[in-house]
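Student: Sequence below, structure please.
(chains A and B)
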Amino acid sequence: MLGRLTIEAIPLYSWVAMGGAAVTVGGGIAVFLLITYLRAWKVLWTDWLTSLDHKKIGIMYVVLALVMLVRGFIDALMMRAQQAIALNNEGYLPPEHFEQIFSSHGTIMIFFVAMPFLTGLINIIVPQQIGARDVAFPFLNSVSLFLTAAGAGLVLISLAIGKFSTAGWTGYPPYSGIDYNPGVGVDYWLWALIVSGVGSTASGINFIVTIVKNRCPGMTYMRMPMFTWTTLCISILIAFAFPALTVVAAQLALDRTLGFHFFTNGDGGNMMLFANLLWIWGHPEVYILILPAFGIFSEVVATFSRKRLFGYKSLVYATACIAILSFTVWLHHFFTMGSSANVNAVFGIATMIIAVPTGVKIFDWMFTMYRGRIEFHPSMVFTIGFMVTFVIGGVTGVLLALPPADYLMHNSTFLVAHFHNMLIPGALFGYFAGLNYWFPKAFGFKLDAKWGIRSFWFWIIGFYLAFMPLYVLGFMGMSRRMEHYADPNWQPYLIVAALGAVCVLLGIVCIAIQLYVSAKNWGSARDLTGDPWNGRTLEWATASPAAPYNFAIVPTVRDIDAFHDMKLGGTAYQPAAAYEDIVMPKSSGLGPVLGALSFALGFAMVWYIWWLAALAFVLALVCVGIRACDDESEFIIPAAEVARIEGAHLGQITSADMHDMRDFQPVGPASGAPLPGRA
Amino acid sequence: MSETALNSELLEHEEKKSLESREFGFWVYLMTDAVIFALLFASYVVLSKNSAAGPTSRDLFDLGHTAGETALLLLSSLTFGLATIAMTSDQAGRVVQWLFVTLILGLGFLAMEMLEFHGMIAQGAGPGTSGFLSAFFTLVGTHGLHVAFGAIGICVVIGQVLVKGLTLPVRSRLVRLGLFWHFLDIVWIGIFSVVYLPGVM
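Tutor: Below you'll find the model as predicted:
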């Protein structure tokens, strides 16, 4: 009846694991009780969970990402603590538990922090940047969100029921095969990936179509804001790369569940096939995480340098180049696994070539800042911190791209330091910059800048303290993922790294305080105009938070910095002569239902509860069928209602709130001319 | 014009736009599906010689049987095309007839495939036998699963044509389902030429 699910699944084997389970279950119960206490279930269901509004879906994505960030970071803290003390002793974590922690840390940070964070920001902003009223497929968008949440749920529940994978976030066979790993851990990992991976693929398709089809008049491709450009590129990457993840995870699941021989040691399996398929997804994935952050940095650096983005075209081409090249380098993740010298050389050179367009971008951002009037807003500070730190990571990356050098540093902590050096500044700092930058657009009030700056300093100092020692340790010969070690020379570095992790913890606490303080004082930091930073792109033309339809009148664009152009031309904040009826999608409860069903499907597959798996699958098909027969999924907001909403928004804007644009008036006939006195 | 008429006109206009997006989106979806098949093909090519002392493709494949499957599937593509032509001339009855024929042919294909799988498993050549057979069953089975979903889709669209008639959204679904069905045909031709044909040569 319950497959292999028995009472043994409760993690009584270690007090640390019990603690984790207790915190997870307790947290779930606390949230449940809080919502019940606030009598918020109805509001939560009707206004949020069933909403197809892309801005609300985006906010839910970001909330998911922040919750999972805390979970993933606790894993990191536990690993750093273990390694700081485990010189010639077992530390406080048994090996098998330590292995679960590094596996879940990587899995969570990539799939359930970075992916939902960037998808959330894209959801909130991209339709507004291209002058659209919604994404192309609002319902699919909701399904994607809940599939991602279902995957996250599977990882979370593995803490309380059963165990998580011990095979690392890449799960290489044969170790992850059924012979060496008969428990449920790898299955949890696989089904979390499969379920959330399908959601990500759907998001990719959705945003390709949204950007290709829903741009407002005049928004040609070469007038799209950089963030939209990076979104288009990564959506294409997602559509090409994520199927590979689905295939490789399904194959491993078939090996494990039905005794297939894709990757087994004997019977004609080939485990190198796994490494290739995984990294054909995995390397583009790195750029899927980083390119949107590059887009955010581009928006932030132009806005807070008070200048047009330098080298827009080169940034577009660099982004496209990176996107294409990202498919040509996957083998550098396993130089040491037996390819010939020539094959390694080809992939090594391709890897080094990617540094070129990335370097172009760094120079473009620096030239944007050059002679700009820089304002040290938290998002700008994160951007500057990124530029300095990311270059170091790039240099170590080029080092690792040399196959002979890679043979020495493969699987050492040097590698761990390198990819954290790319992903923390390159992705996470970008998302934090985006959080600080676009928060008013989502909620209508600004985040507290003081706590934002503090969080930045703790993060960046913590980052250097935590990862610079790992570079050194890599050269000293320390392998990654060591539960304990015998070399006393390593310990001082590992203690410094642990202090770095504590520092990052303070950074996360600062973000929590920032959110709390800002929410408490929201009245004094309201954004009435919808344009708190004197922004340049179209998302600042809407109200903050934007009306459900974003734009009452679909704007017409004639410049890259469309809204800047409107403010200069005096066409911003003008009421329309007449408003028209607007068609919007109706809410749908099928998104959360499909998410719950795929969670049940994944859980059932993990525990071999076949009847539940079959039931969940059939019910999911029925849900899709119901949706496929629904031809009345839209409703009309009448023109009078639009006029009322717009009137209320424009009525609260006084001329004192508007930005002084006199400094920005172009000199000479060219609209792209440099600003007076600064160029 | 009354307000409801205006509203329905606006809704219809938005619906057209949305259906246009759906068709483009469906092409993108088919591309992601094509990537899945491409990687399953690649896996098969890598593993096709790994029969691990078990039966090889030469022992198992029967080109005559495969030719029968191919004939059924190609013919079903033709009949789906005829359904689409009937749709453009607004003959709802014809559409249903041709879709029904397509469904029968598709189910015939599935039955032949099940027969083949059953025969192989019965002679001890199931997917758990060797890397070669794992890759074979996964590739051909994934295609078969797609055909099964396509068959469900045909049932749903037949129902919609009967209940709603050839409305704009139903036409759009019919066209997209047609794309899906023809796509599976192309994949099958790939399977025939990469799996079966070299398998018996």
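Student: got a list of what residue B:175 touches?
Tutor: By Cβ atoms under 8 Å, 6 or more residues apart in numbering or on different chains, the contact set of residue B:175 is B:23, B:84, B:87. Quick note: C-beta positions are derived from backbone N, CA and C, even for glycine.
Student: same question, residue A:503
Tutor: Counting by Cβ under 8 Å, 6+ apart, residue A:503 has contacts A:458, A:461, A:462, A:465, A:466.
Student: From chain B, how far off is residue A:423?
Tutor: To chain B, residue A:423 is 25 Å away according to Cβ to the nearest Cβ, to the nearest Å.
Student: quick one: that residue and residue A:285 touch, right?
Tutor: No. With contact defined as Cβ atoms under 8 Å, residue A:423 does not count as touching residue A:285 (10.7 Å).
Student: quick one: which of these two has more around it?
Tutor: residue A:285 (25 against 20; other Cβ atoms under 10 Å in any protein chain shown).
Student: and residue A:573, that one's in a strand?
Tutor: No. Using DSSP: H, G, I helix; E, B strand; the rest coil, the secondary structure at residue A:573 is coil, not a strand.
Student: I figured it was touching residue A:540, is that so?
Tutor: No. Counting by Cβ under 8 Å, residue A:573 stays clear of residue A:540, with 11.1 Å between them.
Student: The two: which has the busier surroundings?
Tutor: residue A:540 (27 against 17).
Student: ok, back up a step: filter the contacts of residue A:503 down to just the ones in helices.
Tutor: A:458, A:461, A:462, A:465, A:466 (DSSP state H).
Student: will you turn the residues you listed into JSON lines that also has neighbour count, pLDDT and distance to residue A:616?
Tutor: JSON lines is the format used below for the ones in helices among the contacts of residue A:503 (neighbours: other Cβ atoms under 10 Å in any protein chain shown; pLDDT from 0 to 100; distance: Cβ to Cβ, whole Å):
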{"residue": "A:458", "neighbour count": "20", "pLDDT": "98", "distance to residue A:616": "43"}
{"residue": "A:461", "neighbour count": "17", "pLDDT": "98", "distance to residue A:616": "47"}
{"residue": "A:462", "neighbour count": "21", "pLDDT": "98", "distance to residue A:616": "42"}
{"residue": "A:465", "neighbour count": "18", "pLDDT": "98", "distance to residue A:616": "46"}
{"residue": "A:466", "neighbour count": "23", "pLDDT": "97", "distance to residue A:616": "41"}
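Student: Using CSV, please lay out these together with distance to chain B.
Tutor: Converted to CSV, these look like this (distance: Cβ to the nearest Cβ, whole Å):
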residue, distance to chain B
A:458, 40
A:461, 42
A:462, 39
A:465, 41
A:466, 37
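Student: can you redo these as TSV with distance to residue B:49?
Tutor: As requested, the ones in helices among the contacts of residue A:503 are exported to TSV (distance: Cβ to Cβ, whole Å):
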residue	distance to residue B:49
A:458	56
A:461	56
A:462	52
A:465	52
A:466	48
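Student: any weak-confidence spans in the stretch 501-650 of chain A?
Tutor: Along the stretch 501-650 of chain A, no part satisfies pLDDT under 70.
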